[in-house]
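In: next one to model:
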Amino acid sequence: MKQSNSANLGTEAIPKLLIKQAVPASIGILVMSLNILVDTIFVGQWIGSIAIAAINVVLPVSFFIAALGMSIGVGGSSIISRALGEDNYKKALRVFGNQITLTLLFTIVFVVFGLLFVNQIIPAFGGKGDIFEPAKIYYTIVLYGIPFLALCMMGNTVIRAEGNPKFAMYAMLIPSLGNLFLDIIFIKFLDLGMAGAAWATTGSYLCCFVYILWYFYSKYSTLKIQANQFRLDKPIVSEIASLGFVTLSRQAVVSVTYLFLNNILYKLGGENSVTAYAIVGRMLMFALFPVYGITQGFLPIAGFNYGAKNYQRVKQTIYTAIKYAVILGTLVFILLMVFPDYITRLFTADQEVLKQTPNAMRWVFAVTPIIAIQLIGAAYFQAIGKAVPALLLTLTRQGFIFIPLLLVLPNMFGELVVWLSFPIADILSTLVTAYFLYREVKNNLTKPSNGVL
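Out: Numbers count the residues shown, from 1 in each chain. Below is the predicted model:
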């Protein structure tokens, strides 16, 4: 058997290791987010502001189905990281085979369901009035590519669990760059409009899938699947489901949040307000890429060392990850507080949208420096296999705080409160997560450690 590349997760200095893991993840997330950002700019400038709103309506549906792959990937990769930390290669291999089978089964079922009920789903997510037709065109085409995206997202987390963050980064770069290239061809030169934007996105998913497939057949991967490992193993499926349910629940809540926000904003301000949220939403994906990169880099280090019972290294990883993420979050905060007007003009020249978006952006990012605590805290419990606290902390911000605020406050106070709900939810969820993370570190990470710092 080939020596696993994950061995350095238990020996290398934590600051250096975290940077080594987080930088490729951050670059991958940056390029992926930049792709979404530039894609939105292309659509806004070449098709129109309504097209931006149309894509925003479709995203929660397609992202939820793709999140099935991510949830299976994250849940299984948590097991794989700990299995490699325990030097249990056979278990890691069985888990990977089960991940592939589960991803294919679930995504295909949901794609079929999504196509059958397209006329009901799009209006439910805010695709009303002038938004409906372009949203339907985009949705139908993109849905065909979602199984490929789900397999890519699942495979990407496994690559990172193997200790190969650079290859995981490449897997994120390929569809991002491919989408931009195809956007120019299909929208600008072939003038295919929304259909062109959709085919560019679907084509980019396929490119990524081909790369992921190559990686696992190459010499760089230690996980060489055989036919009998695709057969579902009940204990493994159960553990993948319990841990992956955390990620799936988070994305499900994100999709529900889009549903409420699109409908509430359409009711309060029409298509312009939906477009304003679409722009702010893109910035949420793009601007926080370094914080998300730290979180992604943190997961395999924490999982491996917890499996190896190197508790002091786990504790140091938590503190280092939070410190780096807070610093990066603060830089993002400063940038968005100073330049929201210039950022908005990149997307559209629509004067009504230009009036609404900058103030909305400032409120949404008002407490960005502290959200690192919430992200790292929830990720820690997922990394070490504690599904219930991971799930509850993941759902705290949007499920337990943000959505209830949306359902109550805007009807009483209007559109401004929609944007105010973002920082309120961030503050309260961070306080809750900080409490439980502190208690966990104090009670369970003070045991004798087998590892070295």
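In: helix, strand or coil for the closest residue in space to residue 216 that isn't next to it in sequence?
Out: Closest residue in space to residue 216, ignoring its immediate chain neighbours: residue 223 at 6.5 Å, by CB to CB, 6 or more residues apart in numbering. Every C-beta, even on glycine, is put in place using the N, C-alpha and C of the backbone. Classification of residue 223 by DSSP: H, G, I helix; E, B strand; the rest coil places it in coil.
In: and residue 223, what does it touch?
Out: The contact partners of residue 223, taken as CB atoms under 8 Å, 6 or more residues apart in numbering, are 92-93, 96, 158, 162, 216.
In: can you lay out those residues as CSV showing distance to residue 207, secondary structure and pLDDT?
Out: Converted to CSV, the contacts of residue 223 look like this (distance: CB to CB, whole Å; DSSP: H, G, I helix; E, B strand; the rest coil; pLDDT from 0 to 100):
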residue, distance to residue 207, secondary structure, pLDDT
92, 27, helix, 81
93, 27, helix, 83
96, 22, helix, 87
158, 19, helix, 85
162, 22, coil, 79
216, 16, helix, 87
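In: out of the residues you listed, the closest to residue 347 would be?
Out: Ranked by distance to residue 347 (CB to CB), those are led by residue 158 at 34.9 Å.
In: what distance do you get for that closest one to residue 313?
Out: 22 Å (CB to CB, to the nearest Å).
In: next: residue 378.
Out: Distance from residue 378 to residue 313, by CB to CB: 20 Å.
In: do residue 163 as well
Out: 15 Å.
In: higher neighbour count, the two?
Out: residue 313 (28 against 21; other CB atoms under 10 Å).
In: quick check: chain neighbours aside, which residue is closest to the more buried one?
Out: residue 305 (4.3 Å).
In: any idea which element that neighbour lies in?
Out: helix 289-307 (DSSP states H and E).
In: excluding its backbone neighbours, what's nearest residue 108?
Out: Looking at residue 108 with CB to CB, 6+ apart, the closest residue is residue 147, at 5.9 Å.
In: need the contact list for that neighbour.
Out: 103-104, 107-108, 111.
In: only alpha carbons, please: show the helix holding residue 305 as CSV.
Out: C-alpha atoms of helix 289-307 as CSV (Å, rounded to 0.1, in the frame of the first residue of the first chain):
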residue,chain,number,x,y,z
PHE,A,289,-13.3,33.2,0.8
PRO,A,290,-10.3,33.5,3.1
VAL,A,291,-12.4,32.7,6.2
TYR,A,292,-14.0,29.7,4.5
GLY,A,293,-10.5,28.6,3.3
ILE,A,294,-9.3,28.6,6.9
THR,A,295,-12.3,26.6,7.9
GLN,A,296,-11.7,24.0,5.1
GLY,A,297,-8.1,23.8,6.0
PHE,A,298,-9.0,23.3,9.7
LEU,A,299,-11.2,20.3,9.2
PRO,A,300,-8.7,17.6,8.2
ILE,A,301,-6.1,18.7,10.7
ALA,A,302,-8.6,18.6,13.6
GLY,A,303,-10.1,15.3,12.5
PHE,A,304,-6.8,13.6,12.0
ASN,A,305,-5.3,14.7,15.3
TYR,A,306,-8.5,13.9,17.2
GLY,A,307,-8.5,10.4,15.7
